[in-house]
Each structure stands twice: as structure tokens, then as C-alpha cells.
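In: sequence-free structure coming up:
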């Protein structure tokens, strides 16, 4: 869970922020999914070789670039890789930018095209009462089967709340590489409808179950908004609730904005609120209930 840090403006906002932060700091370590009704899970298939399709945006982000910056870059512009290297755009098109590193003079190409990566496909059946759904999970990190990740994947799938079966269709496990993200949700148009995909990033050192489960809950927040509202932005009603409450649920949600989605902070505030609610078993503890 990201630790909250708040910007203080008025005395009243300061008191609210200090109160919220004090609650966060007092939270006990809780067992995930203890009281939230969870779907029952059966693993149907294990480790089938497959190729996972990546969008152009995903491909360029895996190379350590900001996709929006790449698509808007023109000759003479500066691009900064997530590694910290600074490059000048020397030519090319938006799909293939020619770049030169400012310090070393190294020249290269940023390719903004869709592609595929190898992975292992798992199929799970989730059940809630009489309702069942098959969910595909793609693990692209240990695609050479050098590590048995089925126990980790079983734990992640076993943490899915029973009421969330209809808000997503697949989970992708990707190596963190140079991205700073913990996860991502997107709904992609296709010939058969929308594929609602949750991507969870893990580093090369292992699979932290609790941290990844919290990320799953955050991304489920986005998926719930999309399912209910048709958009990841929960809208004006949630924003009014945020303003009335006066607290920021996390530093991340307080600072992150998506102007192109008409967002004033409500997108990540909802997602982190859902994460907090699910990760603390429905906010059953006195501290989380107060927050």
C-alpha cells in the first residue's frame, strides 16, 4: 500500500489530512480476503505455450518510453527514457523515431508498433453460486518454465471477490522491466466485443503475493468503474463525495490526474479506495472503517 502524504492548504484540510494519515499509520497487517466473499477457483489448464499480443503502446512502454511522449515527438524534441537517459529526436516517423543520446552520441530507433511475446497460458474457472466464468491468465515472466509459478497464480485467482467475476476477462503477468507501474486495466475493442484485461507487473526476483494481490484489487477498481459507468472515470458523483470527504485515500491518488479523460482525481481515488476496502476485508477494522 502506498503510504499517504498530503499537501496541506487550509487549517481544516490540514486536520483532516493528519487524521487520515494517522489512521493509515495505525493500520494492522491484515489477512487479505478473510471476510470478503471470494469466488471458488479451479485451475483447468496449466502452462500452455502461447504468444501474447501487445499493443503498440504496451510495446513502447516495455522499452522504457512514455507512449504519449513518443506519439507526439517531432524532430528536435527531447525524449527521456525511464532509465534516465536523455535523447534527441533526429528524424523518422511517429512509428519509428530516430534518436541520439545527448551524452554519448549513441543512435537508435524507438519502434511504436504492436508485437507479441512468448508466455504460458493458464485457464481458471471461477464460480460464485450458480454463476461460473473462465478466466485466462498469461504469465510472460518465466516463459521458459524455469520456475513453477502455478502456486502464485492460484493465490492471485483465489483472491478474486465473488462479485467481480463479470468485470474482467483475463490477467496478464508481465516483467516490470523499466516501468514504474504496478498494474494496468484496459478494455480493448475486438471483433467479438471488448477484452477487459488486467496487467500485473512483477520484477525478475520473484512474485510477491500480497503486493500483487493489492495491485489486482486496485485494477479491479478501474474494472468496476468501467463495468458500471462504461468508463474508468466514475464521474461527478464520486468527485462530489471526494470533495465532501476532504481526505485523500493515498498520495498516489491525490497527485495522479488524466486530463484527457476529464479526470480531477476521481479515477485513482476510486481504484485505491476499492483496493483499501478489499485488502482490509471490507474495511472491518475500526481504523479503516473510520477512514
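Out: The structure has been received and is ready for your questions. Note that the structure is a prediction, hence the values are computed from the model and not measured. Numbering: from 1, shown residues only.
In: okay, which residue is most central for the chain?
Out: In the chain, the centroid-proximal residue (CA atoms, centre = their mean) is residue 183; its distance is 2.3 Å.
In: for that one, what are its contacts?
Out: The neighbourhood of residue 183, defined by CB atoms under 8 Å, 6 or more residues apart in numbering, consists of 198, 199, 200, 201, 215, 216, 218, 219. Bear in mind the C-beta positions are built from the backbone N, C-alpha and C, glycine included.
In: shouldn't the fourth one be in contact with residue 171?
Out: No - assessed by CB atoms under 8 Å, residue 201 is found out of contact with residue 171, at 11.7 Å.
In: Who has more neighbours out of the two?
Out: More crowded of residue 201 and residue 171, by other CB atoms under 10 Å: residue 171, with 23 against 19.
In: and that one, what does it touch?
Out: Under the criterion of CB under 8 Å, 6+ apart, the neighbours of residue 171 are 135, 136, 137, 138, 156, 157, 197, 198, 199, 200, 216.
In: and if you look at residue 264?
Out: Listed by CB under 8 Å, 6+ apart, the contact set of residue 264 reads 239, 257.
In: Could you give the backbone dihedrals for it?
Out: Geometry field for residue 264 lists phi and psi as phi -120, psi 30, criterion degrees, to the nearest 10.
In: and residue 133, how far is that from residue 238?
Out: 27 Å (CB to CB, to the nearest Å).
In: got it, and residue 268?
Out: Relative to residue 238, residue 268 is positioned 11 Å away (CB to CB).
In: Mind checking which of those two has more residues around it?
Out: Using other CB under 10 Å as the criterion, residue 268 and residue 238 rank with residue 268 on top: 23 against 18.
In: Name the nearest residue to that one, sequence neighbours excluded.
Out: The spatially closest residue to residue 268, leaving aside those adjacent along the chain, is residue 253, at 4.0 Å (CB to CB, 6 or more residues apart in numbering).
In: and that neighbour, how many neighbours does it have?
Out: When counting by other CB under 10 Å, one arrives at 23 neighbours for residue 253.
In: doesn't residue 274 make contact with it?
Out: No - with contact defined as CB under 8 Å, residue 253 does not reach residue 274; the gap is 11.0 Å.
In: Quick check: what element follows the biggest helix by length in the chain along the chain?
Out: Scanning the chain for the helix with the most residues, using DSSP state H, yields helix 209-229. Toward the C-terminus, helix 209-229 is succeeded by helix 236-245 as the next helix or strand (DSSP states H and E).
In: starting at the chain centroid, how far to that following helix?
Out: Remark: helix 236-245 is offset 23 Å from the chain centroid, using CA atoms, centre = their mean, to the nearest Å.
In: And the following helix or strand past it, what does it pack against?
Out: Heading C-terminal from helix 236-245, the first helix or strand you meet, by DSSP H and E, is helix 251-255. Where contact means 3 or more CB pairs under 8 Å, 6 or more residues apart in numbering; DSSP states H and E, helix 251-255 is packed against helix 266-279.
In: count of neighbours near residue 18?
Out: The burial metric for residue 18, expressed as a neighbour count using other CB under 10 Å, is 12.
In: helix/strand/coil for it?
Out: Reducing the assignment at residue 18 to three states with DSSP: H, G, I helix; E, B strand; the rest coil gives helix.
In: Tell me if residue 125 really is in a strand.
Out: Yes - under three-state DSSP, residue 125 falls within a strand.
In: Taking helix 209-229 as reference, get the angle to the one helix or strand residue 153 maps to.
Out: Residue 153 belongs to helix 150-158 when elements are defined using DSSP H and E. Angle of helix 150-158 versus helix 209-229, following axes from the mean of the first three to the mean of the last three CA atoms, to 10 degrees, is 40 degrees.
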